[in-house]
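J.: Build me a model:
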Amino acid sequence: MSIKNIRLEVMQFLEKNVDSFVEQYLIPVEKIWQPTDFLPNSQGENFFEEVKELREIAKELPYDFWVTLVGDTITEEALPTYESWLMDVEGVDQVENGGNGWSKWIRQWTGEENRHGDLLNKYLYLSGRVNMREIEMTTQHLINDGFDIGTGTDPYKNFVYTSFQELATYVSHNRVSQIAKKFGDNKLSKMCKMIAGDEMRHHHAYSEFVTRIFQVDPSEMMLAFQYMMKQKIVMPAHFLRESGQKISTAFEQFSDSAQRIGVYTASDYVDIMQKLINKWEIDKISNLTDEAEKARDYLMKLPARMAKISERIVIPQESHIFKWVEPARL
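T.: Numbers count the residues shown, from 1 in each chain. So this is what the prediction gives:
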């Protein structure tokens, strides 16, 4: 049987548990928080006072913070790209009989994720600290440009990617929450903390999918894990650009801002890699082919190697001035 056919068989085997995955890792629509729970009530008599208070508190937040929050928001707003990508993964079928179990999972995961961009976008608009039209153009560019995360349609590689990426977004939103609290913006802090909570739940889900695959197809799962770590995980917004600029020209400067204020750093990347190695207990997996054994050896040594490289990374001290956030407004 071909590798592709085995992957399809494994996906069909796991699909039997999709309903339990939905029940365990996702929250029903009527019970989960919604963006308006954390924003000024536009139907209330005190709406304008609440907006004024939000804007006053927002004045305390520094430049790199706003750049990072904008970049995080744009990343969340490019959700159509991520949903369409996952719907194309081998083993996912959104057409036959209304879609299979995996397409149900992706739609409901997307429904939860969609709230994140909605909330942050509304906050940015009300804050008055950013150029919303520039942000909207960058978001449209990012959706137009798509992304290439190096997984192809391989479910094993895609689940490694989502396991990593959901944990990375947890780290990012959680750190933004901590910084907002430090500057006295408790409401923004709460928003980002709630988003981070969703990301952690989603991380647990995707990493569980990988755990299940390791149990039934350990060698191929190990090779997929090694492949993704060897080529490095690219961020969903790696094609980020400002208006009038070429594809991918803004991502490095955005990443520098995030690193300067400690939201997401090179050492966080290494920590996440180590967490996945520990979570999947790859040192204990048996019945591996010779090739998969070599892949495991590579993975076990990789975090230490990457840590040494990360220590040598130098981040520019000066902030790049983005069209999204004009210093004069701050």
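
J.: Tell me which stretches of the protein form helices.
T.: 3-15, 18-25, 47-58, 63-77, 79-87, 101-127, 132-145, 155-182, 186-216, 218-231, 251-260, 266-279, 290-311 (DSSP state H).

J.: Q34 is nearest to which of those helices?
T.: Distance to Q34, taken as Cβ to Cβ, is lowest for helix 101-127 among the helices of the chain, at 6.4 Å. Where you see a C-beta, it was placed from the backbone N, CA and C, and this is true even at glycine.

J.: Which residues does stretch 287-301 contact?
T.: With contact meaning Cβ atoms under 8 Å, 6 or more residues apart in numbering, stretch 287-301 is reached by 218-220, 222-223, 225-226, 229-230, 277, 282-283, 285.

J.: nope, stretch 59-73 is what I meant
T.: Taking Cβ under 8 Å, 6+ apart as the rule, stretch 59-73 contacts 117, 120-121, 124, 129-130, 135, 169, 172-173, 176, 179-180, 183-185, 237, 240, 254, 257-258, 260-261, 263, 319-320, 322, 324-325, 327, 330.

J.: List the buried residues for it?
T.: By 16 or more other Cβ atoms under 10 Å, the buried positions in stretch 59-73 come out as 61, 63-73.

J.: And for stretch 136-143?
T.: 136-139, 141-143.

J.: Over to G146: give its phi and psi.
T.: The phi and psi values for G146, taken as degrees, to the nearest 10, are phi 70, psi -160.

J.: re the thing from before, can you list the helices of the chain in TSV and add distance to G244 and mean pLDDT?
T.: Below are the helices of the chain laid out as TSV (distance: least, Cβ to Cβ, whole Å; pLDDT from 0 to 100):
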stretch	distance to G244	mean pLDDT
helix 3-15	42	92
helix 18-25	41	97
helix 47-58	27	97
helix 63-77	16	97
helix 79-87	21	97
helix 101-127	21	98
helix 132-145	9	98
helix 155-182	27	98
helix 186-216	30	98
helix 218-231	31	97
helix 251-260	15	95
helix 266-279	30	97
helix 290-311	33	95
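
J.: among those, which is nearest L39?
T.: Nearest to L39, of these and by Cβ to Cβ, is helix 101-127 at 5.6 Å.

J.: Show me what that closest one is packed against.
T.: On a contact count with 3 or more Cβ pairs under 8 Å, 6 or more residues apart in numbering; DSSP states H and E, helix 101-127 meets helix 3-15, helix 18-25, helix 47-58, helix 63-77, helix 79-87, helix 132-145, helix 186-216.

J.: Return the most buried member of these.
T.: Highest mean neighbour count of the helices and strands packed on helix 101-127: helix 63-77, a mean of 25 (counted as mean count of other Cβ atoms under 10 Å).

J.: re earlier: now the contacts of stretch 287-301 as CSV including neighbour count?
T.: Compiled in CSV, the contacts of stretch 287-301 are given as follows (neighbours: other Cβ atoms under 10 Å):
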residue, neighbour count
P218, 18
S219, 18
E220, 20
M222, 26
L223, 21
F225, 29
Q226, 21
M229, 20
K230, 11
I277, 18
I282, 21
D283, 10
I285, 17
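
J.: List just the nearest of these to T81.
T.: Once Cβ to Cβ is applied, the member of the contacts of stretch 287-301 that ends up nearest T81 is M229, at 22.8 Å.

J.: so who does the closest one touch?
T.: Per Cβ under 8 Å, 6+ apart, neighbours of M229: 160, 273, 299, 302.

J.: what about F254, neighbour count?
T.: Look at F254: counted by other Cβ atoms under 10 Å, it has 25 neighbours.

J.: out of everything not next to it in sequence, what's closest to it?
T.: G71 (4.2 Å; Cβ to Cβ, 6 or more residues apart in numbering).

J.: now do F13
T.: Spatial nearest neighbour of F13, excluding adjacent residues (Cβ to Cβ, 6+ apart): V216 at 6.6 Å.
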